[in-house]
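>>> I need the structure of the sequence given here:
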Amino acid sequence: MPVTLAPSRPAFAPPIPQSVEELGIPHSLLVDLVMRRALLEGGSTLQTLSNALRVPVPIINAIFQHLRSQHLVEVKGMQGNDYNFTLSASGKSLAGERFQLSQYAGAAPVSLRDYSIATKAQAARVQIDRKSLRQAFSDLVIPDNLLDQLGPALISQNSIFVYGPTGNGKTSLAERMLRVYSDTVYLPYAVEVDGQVISLYDPVVHQQVENEEGLVDARWALCRRPCIVVGGELIPSMLELRLDESSGIYAAPLQMKANNGIFIIDDFGRQLMSPRDLLNRWIVPLDRRVDYLMLRYGVKFQIPFELMVVFSTNLDPSDLADEAFLRRIHNKIFVDAVDARSFDLIFQRVVGAKGIVTEPDSAEYLRELCLRDGRTELRACYPGDICTILTSIGKYEGRAPIMTKGELERATALYFARS
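Predicted coordinates:
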């Protein structure tokens with residue numbers, strides 16, 4: 001199994017803001033956040049609002065005093081040195097109006113400027129050699145010549161086109177590229193653009209790790225570098241800002257969530273979105289490392305495109321993209337069918353992991369079966385797929401899986417379609 005490295009300290013650390021101005025977002029937006037949160041909670045304290053909005057108590061207190069001077073809050077008492085308060089009738093009315101425009105009441109966003117600076121500062125820098133790369137991919141059987149193509153490609157952090165016959169581990173290879181990173185990055189929970197909130201942090205794709213609380217701006221989450229994988233479900237709207245009509249909150253597109261990490265497009269060419277549309281959408285970002293998004297009402301803005309895009313396909317690259325686009329993908333890695341030695345190594349690993357007892361010549365006989373009926377290539381997926389079928393047969397018959405010549409013939413007959 002590959003060694004899992006403990007995340008190292010990030011090169012960037014967002015400082016704790018000391019004033020409303022240092023937050024970098026409009027004062028009016030912060031007021032709205034405080035009022036919406038207070039409306040949701042009913043009774044609030046400065047500390048509970050600070051925890052919910054991830055903003056220091058002194059800044060929350062400044063907003064509280066502003067609301068108090070406007071008679072929008074009512075103090076109900078004290079909890080130690082903290083105020084216990086609710087919104088006044090006029091405060092509830094105003095908060096309700098603001099809630100209709102946007103329901104966002106989570107962590108205060110960071111400015112687009114601060115997000116861009118942080119993303120650029122945390123651009124990945126990889127230092128690897130064949131030994132460390134083989135360790136990172138140790139659960140796969142990869143020949144040295146393929147490792148020697150992967151190494152320079154990963155060091156360059158430019159986009160990668162992985163192609164070749166189906167079933168030879170292109171997706172497995174792409175998904176494990178994240179292992180070359182041992183560091184962590186700070187990413188904001190949300191970003192503010194023109195007074196609008198874009199929700200960025202996604203617990204489905206962002207793996208948060210513990211940070212040194214109280215030493216950095218709490219509006220940022222410390223995470224491992226992200227890896228997003230999309231397949232045939234990819235549609236154009238996933239690459240643009242999406243406004244939730246009911247909440248008034250924008251959701252960040254996939255490439256923004258993948259910033260400072262890897263974005264894998266699996267089975268490229270088989271998406272609902274045509275290859276031409278995708279390539280036209282990304283020809284500028286891949287070339288200039290910036291992307292352009294637009295708010296619903298026409299405000300266009302620039303974000304960093306600091307990610308490594310990996311295209312994985314079993315189709316011919318020349319059938320998917322023109323020369324101008326392929327030129328922008330500097331690294332094109334061909335993953336060929338496996339040879340007999342690699343096939344046997346994969347076989348040994350699979351049967352060992354599944355605990356299947358084999359006959360001495362099982363690997364050789366399986367190779368022979370896989371090359372029957374006009375098939376000319378051994379594929380990396382065959383041992384695992386056949387062993388899965390043998391396991392299912394054993395469960396069906398109420399016994400442990402066995403691997404005899406007869407059982408292999410039975411499994412391959414199920415696996416391969418007749419020509």
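>>> and the residue nearest to residue 405 when sequence neighbours are not counted, what does it touch?
Beyond its immediate neighbours in the sequence, the residue positioned closest to residue 405 (Cβ to Cβ, 6 or more residues apart in numbering) is residue 365, lying 5.6 Å away. All C-beta atoms are positioned from the backbone trio N, CA, C, and that covers glycine. Residue 365 makes contacts with 359, 405, 408, as judged by Cβ atoms under 8 Å, 6 or more residues apart in numbering.
>>> of those residues, closest to residue 120?
When these are ranked by distance to residue 120 (Cβ to Cβ), residue 408 comes first, at 54.6 Å.
>>> what's the burial count for the closest one?
Number of residues near residue 408 (other Cβ atoms under 10 Å) recorded here: 22.
>>> just to check, it is in contact with residue 387?
No. Using Cβ atoms under 8 Å, residue 408 makes no contact with residue 387, being 10.0 Å away.
>>> how about residues contacting the least confident helix or strand in the chain by mean pLDDT?
Across the helices and strands of the chain, mean pLDDT, DSSP states H and E gives its lowest value to helix 323-328, namely a mean of 79. Contacting residues not belonging to helix 323-328 are listed as 159, 161, 279, 283, 286, 287, 317, 318, 332 [Cβ under 8 Å, 6+ apart].
>>> please pick the buried ones from those.
When burial is judged by neighbour count using 16 or more other Cβ atoms under 10 Å, the buried members of these are 159, 161, 279, 286, 317.
>>> host element of the fourth one?
Counting by DSSP states H and E, the element that carries residue 286 is helix 275-288.
>>> which other helices and strands contact the very next helix or strand once past that helix?
Moving toward the C-terminus from helix 275-288, the next helix or strand (DSSP H and E) is strand 290-294. Counting contacts by 3 or more Cβ pairs under 8 Å, 6 or more residues apart in numbering; DSSP states H and E, the secondary-structure elements packed against strand 290-294 are helix 254-257, helix 275-288, strand 300-304.
>>> so which bits of the first one are buried?
To tie it back to what came earlier, the one meant is helix 254-257. Using 16+ other Cβ under 10 Å as the burial criterion, the residues of helix 254-257 that qualify are 254, 255, 256, 257.
>>> between these, which is closest to residue 41?
For the buried residues of helix 254-257, the closest approach to residue 41 (Cβ to Cβ) belongs to residue 257, at 28.6 Å.
>>> so which bits of the least confident helix or strand of the chain are buried?
For helix 323-328, the buried set under the neighbour-count rule, 16+ other Cβ under 10 Å, comprises 325, 328.
>>> could you identify the helix or strand that succeeds that helix?
Proceeding N to C from helix 323-328, the next assigned helix or strand is strand 331-334, under DSSP H and E.
>>> strands of the stretch 301-419 of the chain, start to end?
Secondary structure of the stretch 301-419 of the chain (DSSP state E, counting those that start in this stretch): strands located at 308-313, 331-334, 357-358, 402-403.
>>> reformat those strands as JSON lines; add distance to residue 231 and mean pLDDT.
Conversion of the strands of the stretch 301-419 of the chain to JSON lines gives the following (distance: least, Cβ to Cβ, whole Å; pLDDT from 0 to 100):
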{"stretch": "strand 308-313", "distance to residue 231": "9", "mean pLDDT": "92"}
{"stretch": "strand 331-334", "distance to residue 231": "19", "mean pLDDT": "92"}
{"stretch": "strand 357-358", "distance to residue 231": "33", "mean pLDDT": "90"}
{"stretch": "strand 402-403", "distance to residue 231": "32", "mean pLDDT": "92"}
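>>> quick check: which of those strands has the most neighbours on average?
Of all the strands of the stretch 301-419 of the chain, strand 308-313 has the most neighbours on average by mean count of other Cβ atoms under 10 Å, namely a mean of 24.
>>> against residue 84, how distant is the residue located most distally from the centre of the chain?
Among the C-alpha atoms of the chain, the one farthest from their average position, using Cα atoms, centre = their mean, is that of residue 77, at 45.3 Å. For residue 77, the distance to residue 84 equals 5 Å [Cβ to Cβ, to the nearest Å].
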